[in-house]
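**Q** just to be clear, the model below is a prediction. Sequence and coordinates:
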Amino acid sequence: MKQSLFFAGCLIFAIGIIAYLYPISEYGSVSDLHEMCTSGLGQIGKIFSGDVREYCLTIKNMLIVTYALLGIGIILVIIGSVLRKSTGTVSAQQPRPLSKGAKRAISIGSSAAAGIIIAIILYSLTILPNISVSDITVSSIPHEEFVTVLDYDRVSNYRSFYYDPEVTGTYNLVFSNDFSFISTKYVETKYSDKGKFYTQSFQVPPGTHKIIPVYASSGQVISGDFSVSGGSGNDVDFYIGTVTCSQTVTFSFSLINTGPVDGRTEITLESDGQPIWSNNYFIEKNTQVRKDGRVTINDCYEHEYFVAINKIERAQ
């Protein structure tokens with residue numbers, strides 16, 4: 001029994017030494033991290049951050065377990081040594097083999113040591129970066145543009161037209177006499193607007209154009225015909241167009257990693273709760289960086305924007 005106590009004490013003491021000295025993060029071992037938590041800076045961090053308080057409490061508990069292993073190991077070594085002295089010494093010529101109890105103690109101690117070492121390593125691997133986003137600024141610049149969706153070029157005398165719009169909205173029937181310097185053109189047209197047909201007669205003086213706005217909702221087409229007279233060619237330029245509006249959204253934000261390890265994060269820009277842009281960033285431990293981005297939205301409506309952290313992972 002005395003040998004079992006002695007060898008078990010040695011193994012438990014060795015486990016305590018390993019647990020005390022083994023680095024569990026890039027900042028060092030349990031003792032090093034505990035000193036950081038008890039320092040003035042660590043105390044301030046625990047005041048303002050719940051994550052820091054929880055992390056330091058875990059380090060404190062690990063240090064208590066380490067001290068307990070060291071103390072138990074020393075006590076068992078002392079007890080084992082005293083019992084060995086009280087029963088005499090073993091002949092140097094005939095070494096006494098280890099008892100079954102000693103072998104069992106060595107086996108249990110080795111298994112416990114391996115388990116604690118593996119647990120410490122696994123714990124160190126589970127430490128994640130603490131990444132947050134702040135100082136978010138978002139601005140948008142609208143852009144309007146007239147886009148020709150159907151161009152009939154120069155039309156003489158008479159022409160029918162037909163257009164099936166892909167997008168609901170307002171379109172413009174354009175009768176242009178910009179190419180003429182002298183002649184006035186006379187146009188009579190029949191056209192659809194909101195599913196109904198209308199007729200107009202008008203003049204297009206030289207160097208000018210006439211625009212008729214029409215609206216087409218889902219399932220409606222823009223159709224009709226027109227006749228032209230005037231000048232030597234009885235002609236006008238005719239095309240259908242619409243005004244499109246888009247906005248360029250520019251944004252910037254700060255990424256802060258207050259964790260003990262480097263990390264990667266995916267940042268998403270959301271518009272009205274829907275993601276419209278994302279990017280991945282590498283953030284070193286205890287650093288703050290400024291990032292920015294740009295995205296185009298195919299409308300000019302007001303939106304609510306939000307920069308969100310989609311995921312955080314430890315950098316390998």
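**A** Arrived safely, thanks for sending.
**Q** okay, helices next: where are they in the stretch 51-200 of the chain?
**A** 100-126 (DSSP state H, counting those that start in this stretch).
**Q** quick one: low-confidence ranges for it?
**A** 51, 80-126 (pLDDT under 70).
**Q** tell me where it has strands.
**A** For the stretch 51-200 of the chain, strands defined by DSSP state E, counting those that start in this stretch occupy the ranges 131-156, 158-163, 169-176, 185-193, 196-204.
**Q** how about the helices in the stretch 201-316 of the chain?
**A** Under DSSP H, counting those that start in this stretch, the stretch 201-316 of the chain gives no helices.
**Q** just the strands in it please.
**A** Under DSSP E, counting those that start in this stretch, the stretch 201-316 of the chain gives strands at 209-216, 222-229, 235-257, 263-271, 274-283, 287-297, 305-314.
**Q** domains in the chain, by residue range?
**A** Listed by automatic domain parsing, the domain ranges of the chain are 2-89+98-127, 132-141+246-314, 145-243.
**Q** mean neighbour count added to the ones you listed, as CSV?
**A** C-beta: built from backbone N, CA, C; applies to glycine. CSV is the format used below for the domains of the chain (neighbours: other C-beta atoms under 10 Å):
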stretch, mean neighbour count
domain 2-89+98-127, 16
domain 132-141+246-314, 15
domain 145-243, 15
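**Q** so how far is residue 227 from the closest residue in space to residue 209 that isn't next to it in sequence?
**A** Take residue 209 and drop its neighbours on the chain: the residue closest to it by C-beta to C-beta, 6 or more residues apart in numbering is residue 176, 3.9 Å away. Residue 176 is 16 Å from residue 227, where distance means C-beta to C-beta, to the nearest Å.
**Q** from residue 291, how far off is the residue nearest to residue 137 when sequence neighbours are not counted?
**A** Counting by C-beta to C-beta, 6+ apart, residue 137 lies nearest to residue 252, which is 5.2 Å off, once chain neighbours are set aside. Taking C-beta to C-beta as the measure, residue 252 and residue 291 are separated by 7 Å.
**Q** one more: residue 63?
**A** 38 Å.
**Q** kindly report the same for residue 246.
**A** For residue 246, the distance to residue 291 - C-beta to C-beta - is 24 Å.
**Q** same deal with residue 299?
**A** 26 Å.
**Q** state the pLDDT value of the closest residue to residue 148 other than its chain neighbours.
**A** Among residues not flanking residue 148 along the chain, residue 241 sits closest, at 4.5 Å (C-beta to C-beta, 6+ apart). For residue 241, the model assigns a pLDDT of 96.
**Q** so residue 241 touches residue 146, yeah?
**A** Yes. In this structure, residue 241 is within contact of residue 146 by C-beta atoms under 8 Å, at 5.5 Å.
**Q** common neighbours of the two, please.
**A** residue 172 (C-beta atoms under 8 Å, 6 or more residues apart in numbering).
**Q** so what's the nearest residue to residue 134 once chain neighbours are set aside up against?
**A** The spatial neighbour of residue 134 that comes closest, neighbours along the chain excluded (C-beta to C-beta, 6+ apart), is residue 254 at 5.1 Å. Neighbouring residues of residue 254 by C-beta under 8 Å, 6+ apart: 133, 134, 135, 288, 289, 290, 291.
**Q** mind running it again at 6 Å?
**A** Counting by C-beta atoms under 6 Å, 6 or more residues apart in numbering, residue 254 touches 134, 135, 288, 290.
**Q** in TSV: those, plus distance to residue 192.
**A** Formatted as TSV, the contacts of residue 254 follow (distance: C-beta to C-beta, whole Å):
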residue	distance to residue 192
134	54
135	53
288	60
290	54
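**Q** name the nearest of those relative to residue 236.
**A** Residue 236 lies nearest to residue 290 out of those, by C-beta to C-beta, at 55.7 Å.
**Q** bridging residues for the closest one?
**A** As for beta bridges, residue 290 partners with residue 254 under DSSP bridges.
**Q** pLDDT at it, what is it?
**A** pLDDT, residue 290: 95.
**Q** how far away is it from residue 132?
**A** 14 Å.
**Q** what does residue 293 give?
**A** 18 Å.
**Q** swap in residue 260?
**A** Counting by C-beta to C-beta - residue 260 and residue 132 are separated by 15 Å.
**Q** and if you look at residue 308?
**A** Distance from residue 308 to residue 132, by C-beta to C-beta: 11 Å.
**Q** before we move on, what about residue 151?
**A** Distance from residue 151 to residue 132, by C-beta to C-beta: 53 Å.
**Q** and for stretch 212-225, what are the contacting residues?
**A** 160, 162-165, 168, 170-173, 190-195.
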